[in-house]
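A.B. asks: sequence unknown, structure follows:
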């Protein structure tokens, strides 16, 4: 299984993880898994910080990633990386696959603005204060990643070039 590679985009809400994941799919023909879709399906009436919800979300994500890697050699997905369930999933996936973490960074106020302006129908809704609180937690946790992309004021060509350099290191 170590022949398969997972590119995991980690960052604050609104940092551009989904945008970069879609870009990786379009430009580098790598399947971008919209794991937020899975999170929305299992949410039901539970709060976003409900322990049983979080456990089910990350179990669902890990199972979905494993299933997708039976069909493709490499995939990309995203997370804020905040919970212990994320940590457990990350550790489990690292045992079986090549896992490349890419930190997606952006100014936290810019992130809040982006969240307020994005298509709400494809995301779990969060209040402005919830986004600020989550993003502060992301900043405080500071997950070390293999690569970092500062996603502010960059051209599409610049982002593609950075991604190409990361992917070229893995080939």
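C.D. replies: Sure thing, it's come through. Computed from a prediction, not measured in an experiment: that's the story for all the values here.

A.B. asks: show me the shaky parts of this structure.
C.D. replies: For the chain, the stretches with pLDDT under 70 are 1, 171.

A.B. asks: what about the spatially most central residue of it, which SS state?
C.D. replies: Centre of the chain computed as the mean C-alpha position; nearest residue by C-alpha atoms, centre = their mean is residue 78, 1.2 Å away. Following DSSP: H, G, I helix; E, B strand; the rest coil, we place residue 78 in the strand state.

A.B. asks: how much space between it and residue 17?
C.D. replies: Residue 78 sits at a distance of 4 Å from residue 17 (criterion: C-beta to C-beta, to the nearest Å). For the C-beta atoms, the positions are set from N, CA and C on the backbone; glycine is no exception.

A.B. asks: cool, residue 32 as well?
C.D. replies: Relative to residue 17, and taking C-beta to C-beta, residue 32 is found at 10 Å.

A.B. asks: neighbour-wise, which of these two wins?
C.D. replies: More neighbours surround residue 17 than the other of residue 32 and residue 17, with 27 against 21 (other C-beta atoms under 10 Å).

A.B. asks: so the more buried one is in contact with residue 81, correct?
C.D. replies: No - in this structure, residue 17 is not within contact of residue 81 by C-beta atoms under 8 Å, at 10.3 Å.

A.B. asks: which neighbours do the two share?
C.D. replies: Listed as contacting both residue 17 and residue 81 by C-beta atoms under 8 Å, 6 or more residues apart in numbering are residue 10.
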